[in-house]
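Asker: pasting the structure only:
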């Protein structure tokens, strides 16, 4: 009796070994794979598992009627699962492919989606993940991204600004000059001032300037506000609303300005210890990995071009080409080790 099941047991063992070996060689051992590269490999493992189950069904000794009923049940289950999930599943895949074709953003970019602002950490076929300024991770389905406006901060630079309201007794020309001075102190270029509102009690000013390096965007915004406070206070400008009321008795000559308005310039310079280093650590790691992978692919493509050049053309300086190929090979090996080390050292987020 046991001998009847021996072929089925052997088949099951072979299927388990094949699936386990495939999973280990395609996914488990390749720690430097991103979410996009893992997906087709995972689908391949799933396909192998389904094929193995079908083969095993034909090896198990049973009547044709029973085998047909089991196959029919599996077909109904698979059809139901695909039918129920196909809408969201397919649309998210199509949305993910569209985002890759359009290339609106990439890992490390600052983006705003609705009221969420942060840096892109991961782009998969089904979802996009961003890291917010609180260091939290927020995941958006790709379908949501193609139906919702997404604001992307350009890597080539952006305009940062801040607003404040001052009384009508303050000369506009002087305020504009001081605001321009504050913006230039924090290394902004192309600075300008706008009057955004003339209210019943105050004038609202907007000071803005071009920030060429967006890596420390949040720090730059904070520094601009700090410098506006310091410059206005140093020049005797009181920043309070005309409707300001204080129950304590002060003379008309009293000014609500800090006694020490000096600021250290070093405090307003972005450095490696800036808040963005902590806020967007995962996004920075993802950006660095993407850059390393891009460089790796460039070196591989370049070596393929040089190899074809050596095969088809004998007029070129073969010694120089071979030297470049060898140099690229060394860099490829170095990049592969760096990527594998960084990927293996990264800990999963909880």
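Answerer: Structure's in. What do you need? Here the structure is a predicted model, which is why all the values come from computation and not from measurement. Numbering: from 1, shown residues only.
Asker: Not counting its neighbours along the chain, what's nearest residue 5?
Answerer: Once flanking residues are discounted, residue 5 sits nearest to residue 61: 6.7 Å by CB to CB, 6 or more residues apart in numbering. Yep, even glycine has a C-beta here, placed from its N, CA and C like the rest.
Asker: what about the one you found, neighbour count?
Answerer: Neighbour count for residue 61, taken as other CB atoms under 10 Å: 10.
Asker: Quick check: it vs residue 334, distance?
Answerer: 57 Å (CB to CB, to the nearest Å).
Asker: Same question for residue 147.
Answerer: From residue 147 to residue 334 the distance is 43 Å (CB to CB).
Asker: between those two, which one's more packed in?
Answerer: Higher neighbour count among residue 147 and residue 334: residue 334, with 13 against 10, using other CB under 10 Å.
Asker: ok so the residue nearest to residue 5 is a strand residue?
Answerer: No - secondary structure of residue 61 (DSSP: H, G, I helix; E, B strand; the rest coil): coil, not part of a strand.
Asker: quick one, what contacts residue 178?
Answerer: Residue 178 is in contact with 231, 232, 235, 237, counting by CB atoms under 8 Å, 6 or more residues apart in numbering.
Asker: For the third one, which non-adjacent residue is spatially closest?
Answerer: Just to be clear, that refers to residue 235. residue 178 (5.7 Å).
Asker: In which helix or strand does that neighbour reside?
Answerer: Using DSSP states H and E, residue 178 falls within helix 172-185.
Asker: same deal with residue 8?
Answerer: Per DSSP H and E: helix 2-23 holds residue 8.
Asker: and that helix, which residues are buried?
Answerer: Burial within helix 2-23, assessed by neighbour count using 16 or more other CB atoms under 10 Å, is assigned to 8, 11, 12, 15, 19, 22, 23.
Asker: swap in stretch 93-108?
Answerer: 93, 95, 96, 99, 105, 106, 107, 108.
Asker: which residues are in contact with that stretch?
Answerer: Taking CB under 8 Å, 6+ apart as the rule, stretch 93-108 contacts 111, 119-126, 128, 141-143, 145-146, 150, 152, 283-284, 286-290.
Asker: Can you give me the neighbour number for residue 58?
Answerer: Residue 58 - counted by other CB under 10 Å - has 11 other residues nearby.
Asker: And for it, nearest residue in space, chain neighbours not counted?
Answerer: residue 67 (7.3 Å).
Asker: for the one you found, what are its contacts?
Answerer: 57, 58, 60.
Asker: Dump these to TSV, plus pLDDT and distance to residue 219.
Answerer: As requested, the contacts of residue 67 are exported to TSV (pLDDT from 0 to 100; distance: CB to CB, whole Å):
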residue	pLDDT	distance to residue 219
57	78	62
58	78	65
60	78	66
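Asker: Go through those and name the one nearest residue 341.
Answerer: Proximity of these to residue 341 (CB to CB) peaks at residue 57, which lies at 44.4 Å.
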